[in-house]
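1. Starting from these lines, generate the structure:
(one chain, ligands or ions: 1)
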Amino acid sequence: MASVLLIEDDQRIRQALATRLAERGHDVESTGTAMDGVQRAVSGDVDIVVLDLGLPDVDGADALQMIRAVSKVPVIVATARDDQEEIVTIFDAGADDYVIKPYSTDHLEARIRALLRRAARVDSPAVITIGDLRIDSEAHEATLGNEPLDLSAKEFELLAYLAERPGKMIGKRELLAAVWRQPYGGADKTVDVHLSWLRKKLGESAADPRYIHTRRGVGVKLVDPGS
Ligand code: CA
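-> Below is the predicted model of the structure:
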């Protein structure tokens, strides 16, 4: 699940897209003007911005430069024309990716996922320590109180994904998308099973949680039990 900001002046497109992205578990906010969009984009509450280039108040490329002046939030530009020159201009202005209208929700969502994966890789350090838990993403090793944890590849990825976002409640949909590359859900049980294995290896249980805390219908978070 990502927090997506749509800046699009065509109300029909905006509402349809917002609805479809929300149906897929994203937290969507939207606006029809560049100025309002820039303000929201730089607020720090948004994971990704989808910016229409043709906006009524400010040119989309200028809006992009305003965002880039103060924020590194990933931006996907939506353009009506397959114009190479324009695409070069928007990359120069700081776009991370672009889609050409009309585009499908599937297509946009794939771009969103790819960008968020890239952003997560850039932001997270190779070694994360939470309490006695130490996760080394480069070596693909995790230890608990200096004892190596014998984790499967998916268990490790799940643990690393949670550890990169300590204290944040993360939905199963997001985990299915990020760890199992299954954005459209369906197999919540996959997450549950891996969480229970992971818990066992961390020496805890759902009834007596330490690091892994789940809330039914909401998600799961990893916390430092000592904090
Ligand atoms: Ca437009």
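2. I'd like to check which residues are in contact with the single nearest residue of the chain relative to the ion.
-> Ranked by CB to the ion, the top residue of the chain for proximity to the ion is residue 54, at 3.6 Å. In this view, the C-beta of every residue, glycine as well, is placed from N, C-alpha and C. When contacts are counted by CB atoms under 8 Å, 6 or more residues apart in numbering, residue 54 touches 9, 60, 80.
3. The second one reaches residue 34, doesn't it?
-> Going back to what we said before, that points to residue 60. Yes - here residue 60 reaches residue 34: they are 6.8 Å apart, a contact under CB atoms under 8 Å.
4. Can you give me the pLDDT of the residue of the chain closest to the ion?
-> What the model reports for residue 54 is a pLDDT of 90.
5. count of neighbours near the closest residue to residue 31 other than its chain neighbours?
-> Spatial nearest neighbour of residue 31, chain neighbours left out: residue 37 (5.0 Å); criterion: CB to CB, 6 or more residues apart in numbering. Neighbour count for residue 37, taken as other CB atoms under 10 Å: 30.
6. thought residue 37 was touching residue 50?
-> No - judged on CB under 8 Å, residue 37 makes no contact with residue 50 at a distance of 9.8 Å.
7. shared neighbours of those two, anything?
-> 5, 7.
8. in the longest helix along the chain, what counts as buried?
-> For the chain, the helix that runs over the most residues, judged by DSSP state H, is helix 105-123. Within helix 105-123, the residues scored as buried using 16 or more other CB atoms under 10 Å are 108, 109, 111, 112, 113, 115, 116, 119.
9. any idea which helix or strand carries the spatially closest residue to the first one that is not a sequence neighbour?
-> Put plainly, it is residue 108. Using CB to CB, 6+ apart and skipping the chain neighbours, the partner closest in space to residue 108 is residue 99 (5.7 Å). Taking DSSP states H and E as the definition, residue 99 sits inside strand 97-100.
10. so how far is that strand from its chain's centroid?
-> On the basis of CA atoms, centre = their mean, to the nearest Å, strand 97-100 sits 18 Å off its chain's mean C-alpha point.
11. Give me the mean pLDDT for it.
-> Strand 97-100 comes out at a mean pLDDT of 91.
12. got the residues of this protein near the ion?
-> Contact residues (CB under 5 Å from the ion) of the chain with the ion: 9, 52, 54.
13. ok, 8 Å please
-> Counting by CB under 8 Å from the ion, the chain comes close to the ion at 8, 9, 10, 13, 52, 53, 54, 55, 56, 80.
14. Tabulate those residues (JSON lines), appending secondary structure and distance to residue 41.
-> Converted to JSON lines, the residues of the chain next to the ion look like this (DSSP: H, G, I helix; E, B strand; the rest coil; distance: CB to CB, whole Å):
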{"residue": "8", "secondary structure": "coil", "distance to residue 41": "13"}
{"residue": "9", "secondary structure": "coil", "distance to residue 41": "15"}
{"residue": "10", "secondary structure": "coil", "distance to residue 41": "18"}
{"residue": "13", "secondary structure": "helix", "distance to residue 41": "18"}
{"residue": "52", "secondary structure": "strand", "distance to residue 41": "13"}
{"residue": "53", "secondary structure": "coil", "distance to residue 41": "15"}
{"residue": "54", "secondary structure": "coil", "distance to residue 41": "17"}
{"residue": "55", "secondary structure": "coil", "distance to residue 41": "13"}
{"residue": "56", "secondary structure": "coil", "distance to residue 41": "17"}
{"residue": "80", "secondary structure": "coil", "distance to residue 41": "20"}
